[in-house]
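Student: The following comprises the amino acid sequence and a computationally predicted model.
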Amino acid sequence: MKTAAHKQALNIAVLTVSDTRSEDNDTSGQYLQQAAMADAHSVVDKKIVIDDKFQIRAVVSNWIASDDVQVVLITGGTGFTARDTTPEAMTPLFEKEIEGFGELFRHISFLEIGTSTVQSRALGGMANGTAIFCMPGSTGACKTAWNGILQQQLDASHKPCNFAVHLKDISQCTSRR
């Protein structure tokens, strides 16, 4: 595998969905931000919103429409409580679902935490050349998703295939950071 210096940097936005997290205690969002940056990607935006499907959808819709965002990482809101609405917020925005993301996440998670992974509604999709990955709100789940799936799939040099080739081209964007 190539080192981070040889990877194609992607523009990533991170969204934490939570009624209780703030910038001071958002360990999951902070982990995703740090992991992406450690792999030479650019984190172009990071937000926290409450568990409300319309607020979630509004933030992500703006990122999908942006010329600057290629990947959206969402942590939180994928459980079974009445307030967990991330899948319901995201599914209408997807042009294509990435069924394999949730399936693979649950497989890897099963090896780590056993049958409790059945309560994860992790999912992924594509919209307007933007890959969107929704994972549980625990930092451990974010580490599982990043280390087990996303790190490789967001690496343009990963073979035989990766998501980088499916993302919108931002190389001509003058506002790229």
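Tutor: Perfect, thanks for sending it. Keep in mind that what you see is a predicted model, and the values were worked out from it rather than measured.
Student: For this protein, just list every one of the strands.
Tutor: Secondary structure of the chain, counting by DSSP state E: strands at 11-17, 42-49, 71-75, 96-97, 123-127, 130-135.
Student: could these be laid out in CSV, adding mean pLDDT, mean neighbour count and distance to Leu104?
Tutor: Where C-beta positions appear, they are placed from N, C-alpha and C, glycine not excepted. Formatted as CSV, the strands of the chain follow (pLDDT from 0 to 100; neighbours: other CB atoms under 10 Å; distance: least, CB to CB, whole Å):
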stretch, mean pLDDT, mean neighbour count, distance to Leu104
strand 11-17, 98, 26, 19
strand 42-49, 98, 18, 23
strand 71-75, 98, 27, 16
strand 96-97, 97, 12, 13
strand 123-127, 98, 22, 10
strand 130-135, 98, 27, 11
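Student: I'd like these as a markdown table, with distance to Val165 appended.
Tutor: Output for those, formatted as a markdown table (distance: least, CB to CB, whole Å):
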| stretch | distance to Val165 |
| --- | --- |
| strand 11-17 | 15 |
| strand 42-49 | 18 |
| strand 71-75 | 13 |
| strand 96-97 | 14 |
| strand 123-127 | 12 |
| strand 130-135 | 11 |
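Student: who wins for proximity to Phe110 among those?
Tutor: Among these, the nearest to Phe110 by CB to CB is strand 130-135 (14.7 Å).
Student: The closest residue in space to Ser22 that isn't next to it in sequence: what's it in contact with?
Tutor: Closest residue to Ser22 apart from its sequence neighbours, by CB to CB, 6 or more residues apart in numbering: Ile48 at 6.9 Å. Neighbouring residues of Ile48 by CB atoms under 8 Å, 6 or more residues apart in numbering: Leu15, Thr16, Val17, Ser18, Arg21, Ser22, Glu23, Asp26, Gly29.
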